[in-house]
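J.: Let's see this in three dimensions:
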Amino acid sequence: ADFNYGADEYDAEGNEEPKVLPEGSETMPYIDESPTMSPQLSARGQESGDSVSPTPTDGLGTGGERDAGKGLEMRKLVLSGFLASEEIYINQLEALLLPMKPLKATATTSQPVLTLQQIETIFYKIQDIYEIHKEFYDSLCPKVQQWDSNVTMGHLFQKLASQLGVYKAFVDNYKIALETAEKCSQSNYQFQKISEELKVKGPKDSKESHTSVTMEALLYKPIDRVTRSTLVLHDLLKHTPADHPDYPLLQDALRISQNFLSSINEDIDPRRTAVTTPKGETRQLVKDGFLVELSEGSRKLRHVFLFTDVLLCAKLKKTAVGKHQQYDCKWYVPLADLVFPSPEESEHCPQVHVIPDHELEDMKMKISAIKSEVQKEKANKGQSRAIERLKKKMFENEFWLLLNSPAIPFRIHNRNGKSYLFLLSSDYERSEWREAIQKLQKKDLQAFVLSSVELQVLTGSCFKLRTVHNIPVTSNKDDDESPGLYGFLHVIVHSAKGFTQSANLYCTLEVDSFGYFVSKAKTRVFRDTTEPQWNEEFEIELEGSQSLRILCYEKCYDKTKLNKDNNEIVDKIMGKGQIQLDPQAVQTKNWHMDVIEMNGIKVEFSMKFTSRDMSLKRTPSKKQTGVFGVKISVVTKRERSKVPYIVRQCIEEVEKRGIEEVGIYRISGVATDIQALKAVFDANNKDILVMLSDMDINAIAGTLKLYFRELPEPLLTDRLYPAFMEGIALSDPAAKENCMMHLLRSLPDPNLITFLFLLEHLKRVAEKEPINKMSLHNLATVFGPTLLRPSEGESKGHLTLASDIWSHDVMAQVQVLLYYLQHPPISFTELKRNTLYFSTDV
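T.: The predicted model follows:
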């Protein structure tokens, strides 16, 4: 959807209920494939030092895909997906051509809707593009349907690439076609009705027979298609052995497509003249994107436009349906007057109200639950109205998350007095905005004041010039777009080189989650070095992620610069870069090594991915020695203890020196440290206590979580799991109390005593919430699934989608633990003494 579901009825501040438009009715006049929201297109090399790690295409067939069979299977998967989207594309072109014949027929009558010249301009080259793709589809379809390892189809892609000249003609005419269609819409009501609702046929196996799409959205599809086809060629090459007959043909097709993309990017680059600057030079749009502004104490979503000499903050005005959309300027600052206040200068700026983590987590769970409902409705061929209602609800929740998550302040000050405060969730994005502004400020800029007419013209140009069209939420994605990765990404940050002088250096990792980027991990500071060797491993949870960013910082120890605001980042960014998370490359059991180059610095890292359904499995252990993966009853019997030694020692250490640690149990410990502790506990090494006292507290907290996660069955047992799920769903408080206490009594003694021991510890941690920021709800979110999630055998019967388990079951697991955490103290002897008022059968 454009801007959001119907920006004409939405004021970007959450004050109106967004109107849901039909699927696919987005207006995106220009390609914007870049996840960084920058106006550069994906095929063009980035000018600054922020490099995107290139994917080499040569030799991938041998090195990257040793298993040729698997590679060919991947080719089939890539082609099947592409074929499905090609069918959708052909249906879209058909829908666009449908009104052309009747319009031509009326053009020669006494009452024409459009002239022949207007029809020729609006539908220019659409028929040719349709015929090219219909022939391509008809040739490719039987090859994919009757698939075998000898199938060749590189010649089809090569032929398709050789016909890109037709697209060149389409692109050259694209702007005039749009303008003509818009003028005709305004002057002719009949054409306006036609162009607002074109019927696109649904795919063969879809229950939806038609969807309504605007003409403007359909006219953009050919431009979008070239980019998509280029990405598919990339994927195909990756999974085609170098000695396969298709390999050189696909390479040739990719080369032609990329060259073509680069050339049309120059032609349709939206950074065109808007108006002239005070010095008479052309004013161009350099960057735009959505940012959250803290205005009069509340958060507002703004669209910010950076021109060559001015920063303009706007919001989309509400307009009646069919009217041309416009931006409303909230404020502007000439770059000559713009300064970034340092933290100590910004004391007069408003304090940031940070939403508690548990509220954000709750909202993420709600969104996940709605997502799985949408998937179920689609799988069951549900009503499109029900799906739209769910999508609307999902958009509202995602919009709330987008508005309330950011907490990193980005302050803008006008020398003439007024200050403005944006909140970002990514320091990467903050530095991109800052660098783009500082680069422009190096030029000889003059201060000026825009007259009301000049401001009106400049604001009026924003709608056509913008490069970021959609609010960055996942509900704005097309169905055929990649949903991203769900699960856990394991990253080892090895080392960095290329620094010219010694410094105190560390890295942070960001991934996109729910449509926006957030910081997920941070290495330790390596002091006074030009070649830091971190070698730290992190487990990062991915929620629909498509990119990984690495930022390298120099640590600031200057007390005068450190601000009282915890979210202020004063450390200097030495370099930053990002890579796409390619599902095929990442989803292997082996580590995948990579390098990100940034501003002359090279950061080496390795990664591997575990999908969510894999990470949710408990793997039963065959061993009876050690403590990890061994039944709790076996361990307590062997130790002659009521609570396993590992649980007692980790809790004791956390209470001794980690109870005031911000984010204790939520922040990941270094994976190598956790593995070292695991080995020591398993071997029952006499140096355990010495090692514990020296170890980072987050690693100790991580070891405790890992112990519970690796139990062959959950602490609250597989047998009682369904009953816990039913008990927490009871509405009557007395019945719930009876049931939940009865379930605890039904646990084996070692499980119950250990659970009560952990429960009291977590309550003590939550008492320090003002300092450690860990509420009962946060702790329940961390430990609920760990203590309740069934083992593999038990969960097989009722698992569907990974996202499905994640949303519904996890919410209930969190609620179960939260119930006991909020309950007054529970004692083992009291529990056992109480008589039961109902059957002991569970």
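J.: Put the alpha carbons of stretch 234-251 into PDB.
T.: Output of stretch 234-251 as PDB, limited to C-alpha atoms (Å, rounded to 0.1, in the frame of the first residue of the first chain):
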ATOM      1  CA  HIS A 234      21.700 -14.100  -9.200                       C
ATOM      2  CA  ASP A 235      20.100 -16.900  -7.300                       C
ATOM      3  CA  LEU A 236      20.100 -19.300 -10.300                       C
ATOM      4  CA  LEU A 237      23.800 -18.700 -10.900                       C
ATOM      5  CA  LYS A 238      24.500 -19.400  -7.300                       C
ATOM      6  CA  HIS A 239      23.000 -22.900  -7.600                       C
ATOM      7  CA  THR A 240      24.200 -23.800 -11.100                       C
ATOM      8  CA  PRO A 241      27.400 -25.900 -11.300                       C
ATOM      9  CA  ALA A 242      30.100 -24.000 -13.300                       C
ATOM     10  CA  ASP A 243      30.300 -26.900 -15.800                       C
ATOM     11  CA  HIS A 244      26.500 -26.900 -16.500                       C
ATOM     12  CA  PRO A 245      25.600 -25.800 -20.000                       C
ATOM     13  CA  ASP A 246      23.300 -23.100 -18.500                       C
ATOM     14  CA  TYR A 247      26.100 -21.400 -16.600                       C
ATOM     15  CA  PRO A 248      27.600 -19.200 -19.300                       C
ATOM     16  CA  LEU A 249      24.200 -18.300 -20.700                       C
ATOM     17  CA  LEU A 250      22.900 -17.200 -17.200                       C
ATOM     18  CA  GLN A 251      26.100 -15.300 -16.700                       C
END
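J.: Centre of the chain to it, how far?
T.: Relative to its parent chain, stretch 234-251 has a centroid offset of 30 Å by C-alpha atoms, centre = their mean, to the nearest Å.
J.: What residues sit buried inside it?
T.: Of the residues in stretch 234-251, those with enough neighbours to count as buried (16 or more other C-beta atoms under 10 Å) are 234-242, 244, 246-247, 249-251. Placement of C-beta: from N, CA and C, glycine included.
J.: Show only the entries of those residues found in helices.
T.: His234, Asp235, Leu236, Leu237, Lys238, Asp246, Tyr247, Leu249, Leu250, Gln251 (DSSP state H).
J.: out of those residues, who's nearest Leu551?
T.: If you rank these by distance to Leu551 using C-beta to C-beta, His234 comes first, at 26.1 Å.
J.: what's stretch 759-767 in contact with?
T.: Contacts with stretch 759-767, where a contact means C-beta atoms under 8 Å, 6 or more residues apart in numbering, come from 651, 654-655, 659, 664-665, 772, 774-776, 779, 783, 820-821, 825-826.
J.: If you average the pLDDT over it, what comes out?
T.: Taken as a whole, stretch 759-767 carries a mean pLDDT of 96.
J.: Show me which positions of it end up buried.
T.: Buried, per 16+ other C-beta under 10 Å, within stretch 759-767: Leu759, His761, Leu762, Lys763, Val765, Ala766.
J.: Name the SS class of the fourth one, please.
T.: The reference is to Lys763. helix (DSSP: H, G, I helix; E, B strand; the rest coil).
J.: Return the set of buried residues in the lengthiest helix in the chain.
T.: Longest helix in the chain, counting residues (DSSP H): helix 68-97. For helix 68-97, burial by neighbour count (16+ other C-beta under 10 Å) applies to 68, 71-72, 74-76, 78-79, 82, 84-97.
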